[in-house]
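**Q** got a sequence here, can you build the structure:
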Amino acid sequence: MKPARLILPFLLAACGGKRDAPPPAPTAKAVAPPPAATVKRDDKAYKAALASARKASRKGDHAAAARALEQALAAAPDDQKALVELGWESFQARDLARAEQATRKAAAGADARLRGAALYNLGRILEEQNRKKEAIDAYSQSLAARGNRVVLERLRALDPAAAQAADPARPVALAGPFPTLQAYCAQLQGTTCYLEEEARSSGAGKPKGVVAPFRAVKLFSAGKSEDDRGWRLAIQTDAGWFVDEELVPHEDDNIDLRGRVDELEVAPQCAGGKPLVKLVVAEIDCSGEIEPGDVVVDAHGKKHVADGYHHHLYASAERSLVVCGVGASGKPSCTPKIAIGQSAPDRNGEAEHGDWQNRLLATFFADGRLVLAPDRADAKNAPETHFLAFP
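**A** Residues are numbered from 1 along each chain as shown. Now for the predicted structure:
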């Protein structure tokens, strides 16, 4: 038994008083979760599903179109275009819950044009559910993403005040007043004014027939240097000079985007029965070079061989209307540029001298409406209406 007695004190000492902590129980080794499977975009399947969806939609089978768009999204997860179309087809199929879910997801996408379309669709979905306040907000956000006549008219039917506030042609107050244009130029940092220069373009320059509340209207250029400047519009009233600082780049700039002021006039009786200053400006994208013998495609899709060397290829050009007026504040304000036409290239690839496409003619009404209508009877675009409310 002695061996047992010899072992016992050891066992007691191990169980009482100070003692070392028992070794930790073995734990299972942490295993990292497997990485989430990434779905590779299948462009072929995506395009096939998208084509199938659009074919079903044309036949009026919106439920089938929605199912095909689900397949498109399986091939290209979170594709913004497919989400927009899924939301609309679900709306047409009366599946409002699915429509709203897909459309909100599309509205969170990066492409501003698709985001604007999704937000318009969302407004329609919310209207259908009598959620008027949310629909107004969706339409307003859609217009902030990109101006659109249909969205503006839809918003105007729900809330005229909200439509006026969201109108992309809403006038913006000019900088000023300044006692003189020299005083305006003096407060600019790193900018030189060329006050004696007039816009060398047909129809532009000093307008004739300036009437109250305008005392003078003038164009001048300003910028960091002669090679980096743009046209500015100055309007003088009894309060002083006011300046629109965002017109177009200078026409002589050696840059890829050139600007030109084609027309400048003061209309004695226009929107609201008050005088307006109207400008037509052009912006030309000069994005490359063309040499004799190069093949170019003109506005009508016809191919031509260029007959000369052109340092700048005028790839596209856009004409815009700017309208300025004075409201109750007594201070001039101007609309942002409103597109009224695009030009496609001529036989030498120069859009500046090519055919103007999608031209809109401006008509002003005494109630403040500005209506832009296509200049051709066969044009597909409906007239575009803006309300010029000068603050």
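**Q** G325 reaches P171, doesn't it?
**A** Yes - G325 lies in contact with P171 (CB atoms under 8 Å); the separation is 6.9 Å. (Glycine included, C-beta is placed from N, CA and C.)
**Q** between these two, point out the one with more neighbours.
**A** Counted by other CB atoms under 10 Å, G325 and P171 do not tie: G325 has more neighbours, with 26 against 22.
**Q** tell me the SS of that one?
**A** strand (DSSP: H, G, I helix; E, B strand; the rest coil).
**Q** so what sits against both of G325 and P171?
**A** Common neighbours of G325 and P171, using CB atoms under 8 Å, 6 or more residues apart in numbering, are S333, L388, F390.
**Q** who touches the second one in this structure?
**A** Applying CB under 8 Å, 6+ apart, one finds that L388 lies in contact with A169, P171, A271, G272, L276, V323, G325, T335, F364, G368, R369, L370.
**Q** the last one too?
**A** Contact analysis of F390 by CB under 8 Å, 6+ apart lists P171, G272, K274, G325, V326, G327, P332, S333.
**Q** quick one: which two of these are the most distant?
**A** Using CB to CB, the contacts of F390 span at most 14.3 Å, a distance reached by G272 and P332.
**Q** those two: who's more crowded?
**A** Shown here are G272 and P332; by other CB under 10 Å, P332 has more neighbours (30 against 19).
**Q** show me where pLDDT drops low in the stretch 101-250 of the chain?
**A** 197-208, 250 (pLDDT under 70).
**Q** which stretches of it form helices?
**A** Here the stretch 101-250 of the chain has its helices, by DSSP state H, counting those that start in this stretch, at 112-128, 132-145, 149-158, 160-166, 181-186.
**Q** which of these is buried the deepest?
**A** Comparing these by mean neighbour count (mean count of other CB atoms under 10 Å), helix 112-128 ranks first with a mean of 21.
**Q** can you check what angle separates that helix from helix 149-158?
**A** Put simply, helix 112-128 runs at 30 degrees to helix 149-158, going by axes from the mean of the first three to the mean of the last three CA atoms, to 10 degrees.
**Q** buried sites along stretch 167-180?
**A** Of the residues in stretch 167-180, D167, P168, A169, R170, P171, L174, G176, P177, F178 count as buried by neighbour count, 16 or more other CB atoms under 10 Å.
**Q** output these in JSON lines, with distance to L360 appended to each entry.
**A** Formatted as JSON lines, the buried residues of stretch 167-180 follow (distance: CB to CB, whole Å):
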{"residue": "D167", "distance to L360": "16"}
{"residue": "P168", "distance to L360": "14"}
{"residue": "A169", "distance to L360": "12"}
{"residue": "R170", "distance to L360": "18"}
{"residue": "P171", "distance to L360": "19"}
{"residue": "L174", "distance to L360": "25"}
{"residue": "G176", "distance to L360": "30"}
{"residue": "P177", "distance to L360": "33"}
{"residue": "F178", "distance to L360": "34"}
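**Q** and which of those residues is nearest A49?
**A** If you rank the buried residues of stretch 167-180 by distance to A49 using CB to CB, P168 comes first, at 34.4 Å.
**Q** surely the closest one touches P336?
**A** Yes - if you go by CB under 8 Å, P168 and P336 touch, sitting 6.6 Å apart.
**Q** just to revisit the earlier point, just the contacts of F390: which has the poorest pLDDT?
**A** Least confident entry in the contacts of F390, by pLDDT: G272, with 58.
**Q** between the shared contacts of G325 and P171, which is nearest A163?
**A** In terms of CB to CB, no member of the shared contacts of G325 and P171 lies closer to A163 than L388, at 13.1 Å.
**Q** keeping just the C-alphas, turn stretch 159-168 into PDB.
**A** Below are the C-alpha coordinates for stretch 159-168, written out as PDB (Å, rounded to 0.1, in the frame of the first residue of the first chain):
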ATOM      1  CA  ASP A 159     -47.800  69.700 -58.700                       C
ATOM      2  CA  PRO A 160     -47.300  72.800 -60.900                       C
ATOM      3  CA  ALA A 161     -45.000  74.500 -58.300                       C
ATOM      4  CA  ALA A 162     -42.800  71.400 -58.100                       C
ATOM      5  CA  ALA A 163     -42.600  71.200 -61.900                       C
ATOM      6  CA  GLN A 164     -41.500  74.900 -62.000                       C
ATOM      7  CA  ALA A 165     -38.900  74.300 -59.400                       C
ATOM      8  CA  ALA A 166     -37.600  71.100 -61.200                       C
ATOM      9  CA  ASP A 167     -37.800  72.500 -64.800                       C
ATOM     10  CA  PRO A 168     -34.300  72.200 -66.300                       C
END
